[in-house]
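Enquirer: fold the following.
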Amino acid sequence: MASIVDKPKDSDQDDLLEIEKYTNGLIKFIDTSATPITIGVQGEWGSGKTSLLNTIKEDLCDKENAEHYSVWLNTWEYSLLSTPDETLIKIISGLVLQIGEITKDHTTEKGKKAAGVIVTLLKGVGQGVGGLSGKAMEAASELIDATVNKEQNNSIKALRIALQEVIDDAIETSKGSKKSFIFFIDDLDRLDPAVAVSILELIKNLFDLKNCIFVLAIDYGVVIKGLQSKFGVMTEENEWEFRAFFDKIIQLPFSMPLSSYNIGKYLQSLLVDVHYFTEDDLNDEKKLEQITNVVGLSVGTNPRALKRLANSVSLIEIIRGDEKITTEERIIEFALICIQIAYPFIYGLIQKESDFISWDDQLIRNVLKNKKINEEDLEALKEEEEFDEEWEQNLWRVCQVSSFLKQRVYQLSKLLNFIKDNIPVNKNEEMSETIDRLLSMSSVTSVSAESIGEAKKEKWAKTKFENWEMYKENFLDKKGIPENIINYGKTIIERIKSSTGDGCDVNYTPTFTGFKNKYSRFRSKQFVNLKFKKGYLEIEILDKDNSLRERNIFPEETFTSYNTIKLKIYENYNFEEKVLPYIQEKYNALQ
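Expert: Next up, the predicted model:
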């Protein structure tokens, strides 16, 4: 299957999200409810509200011997090419016409007279009744003149009374086989918010009738926007007014149980269906857990968003063709695509500078421009795992560019750490080169205002210092690194250079002092980095083949990520004997 169709789940499809217990509970509640009652199925757009309504309708209205009549109204269809007032009139007509179709075989005089009132009132608002076919409407036409005074009865009150009589007559003549009408009102969140609110008021004023149950698919956020003309922008002081309006309309709110969705099972089905992963790939619990966690940190649990994600990876896989990619690389590519969908701004930065662990002050200035940020907020976070490294702190600074990214900065730190810690080791590539290669595919599904019309994104130039003197004067001194740490770091730099000969290139950057073997036979030339801290030095030995780790050479003072051994070096540390030989070993391994 090349793509996933974005349409609601049919009632007979498998419950991949595993919300059956919630669905069954709501169905039982509706089936045994006293009337009238209005139930609001709340959830963001694409969260599965229509699928839930389909299931309820099938169970309570469509099965053999079902005890409820159903009326389904897609409000968005009635709003097309219509003014707000026209939309409301069309919706009234649509509901009434469906009631009429259901009750067309009634033969009691009471039902005929009530139907006649409805026909007349609909004519009074300029609506045709051609869709209201059947014996009831034919009989009603004969009784109009005898039962209705147009001037007196052309009102909401008259229509409400007539509807109640028609509905009661339908229940009575069903001889016990039906006990209520269930009205399913869908797609309110696709309307202009003010129109959606008007429809809610219409339902309350016109259809608050005995033997009637309304099930509304609604997003509370749409209601809030629609009520701003009445109450202003919602604040802590007037929030109760918004809530009171909602509570007046809705007697039972039901929130889509997004947090309880079995996203792993749903994702597995989608991604295997579009041939991005194989069943064997995702039968591996660790891999399935990884992609599920990535989605949770980015795209989220909205089914519509997950379908879009599946279509994106499907297109990428088709374009890739016969080009080979490992499952481990595919997981990293998948994480990048999730960032692209959920955080397009951050994805754009990664495109410009894929070595995100080297994001420096120059990049921060390019992003923030003249925006001021409160560094005191960051100081309080530096002890936390997500922000204890310099690049993570720069990520925090980048995220201050918008309120949305501010709120999601923890998730972004975890996502980028996942990429850093799990990107496959390739002796022929730096981490940034692997990311660039994977980005070349995922960029085809990128949509952002910045990318439209661009043939190629220019990479930002990294800040580099020409020599030690400039590095010390323009970075280390300004950063407040103590003189003794600076001098100790300079000594270590000189020892690494002298022990590796003229093949060692040293690059001074704000992120670290990097050492490369310029004679390396691999694309990857880097073998060690040095970072200056205020109380110590940090040395990163790039152990891509894991040989040092496997030999347990540094058992006490290390933590690893992306096959990197990190050591805290203090002035009294025996660097010459404990560390330098292994730096030389890694240098030689590149030749």
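
Enquirer: quick one, phi psi at Lys49?
Expert: Main-chain dihedrals, Lys49, degrees, to the nearest 10: phi -60, psi -50.

Enquirer: likewise Cys212?
Expert: phi -120, psi 130.

Enquirer: run through who's touching stretch 541-557.
Expert: 425, 427, 524, 526-529, 560, 563-565, 567-568, 579, 582-583, 585-586, 589 (C-beta atoms under 8 Å, 6 or more residues apart in numbering). For every residue, glycine as well, the C-beta is placed using N, CA and C.

Enquirer: now, of those residues, which are buried?
Expert: Burial by neighbour count, 16 or more other C-beta atoms under 10 Å: within these this picks out 425, 524, 526-529, 563-565, 567, 579, 582-583, 586, 589.

Enquirer: follow-up on the earlier one: among the contacts of stretch 541-557, which are in strands?
Expert: Among the contacts of stretch 541-557, the ones falling in strands (DSSP state E) are Gln526, Phe527, Val528, Asn529, Thr560, Thr564, Ile565, Leu567, Lys568.

Enquirer: wait, the third one touches Ile496, no?
Expert: Yes - between Val528 and Ile496 there is a contact under C-beta atoms under 8 Å: 6.7 Å.

Enquirer: now for these two: what residues contact both?
Expert: Phe515, Ile583.

Enquirer: what's the domain layout of this structure?
Expert: Using automatic domain parsing, the domains assigned to the chain come out as 20-255, 261-445, 468-589.

Enquirer: follow-up on the earlier one: identify, from the ones in strands among the contacts of stretch 541-557, the entry nearest to Tyr22.
Expert: Distance to Tyr22 across these (C-beta to C-beta) is lowest for Thr560, with 42.9 Å.

Enquirer: model confidence score at the closest one, please.
Expert: pLDDT for Thr560: 54.

Enquirer: shaky segments in the protein?
Expert: Counting by pLDDT under 70, the chain has low-confidence residues at 1-18, 104-156, 426-428, 445-463, 523, 556-563.

Enquirer: what about the strands in it?
Expert: Using DSSP E, the strands of the chain run over 37-42, 68-74, 180-186, 212-218, 252-255, 504-508, 513-517, 526-532, 537-542, 558-561, 564-569.

Enquirer: so which of the ones you listed gets nearest Leu227?
Expert: strand 212-218 (12.7 Å).

Enquirer: the stretch 101-250 of the chain: helices as residue ranges?
Expert: Per DSSP state H, counting those that start in this stretch, the stretch 101-250 of the chain carries helices over the ranges 109-124, 135-147, 150-153, 156-173, 193-206, 220-226, 228-231, 239-249.

Enquirer: same deal with the stretch 451-591 of the chain?
Expert: 468-471, 477-479, 483-500, 547-550, 575-578, 580-589.

Enquirer: for Trp76, find the nearest of those.
Expert: Relative to Trp76, the nearest member of those by C-beta to C-beta is helix 477-479, separated by 57.0 Å.

Enquirer: what's the burial count for the residue nearest to Thr292 when sequence neighbours are not counted?
Expert: Closest residue in space to Thr292, ignoring its immediate chain neighbours: Gly264 at 4.5 Å, by C-beta to C-beta, 6 or more residues apart in numbering. By the measure other C-beta atoms under 10 Å, the count of residues near Gly264 is 19.

Enquirer: picking up where we left off before, make CSV from the ones in strands among the contacts of stretch 541-557 and add distance to Gly94 to it.
Expert: Compiled in CSV, the ones in strands among the contacts of stretch 541-557 are given as follows (distance: C-beta to C-beta, whole Å):
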residue, distance to Gly94
Gln526, 67
Phe527, 72
Val528, 72
Asn529, 68
Thr560, 64
Thr564, 64
Ile565, 69
Leu567, 72
Lys568, 71
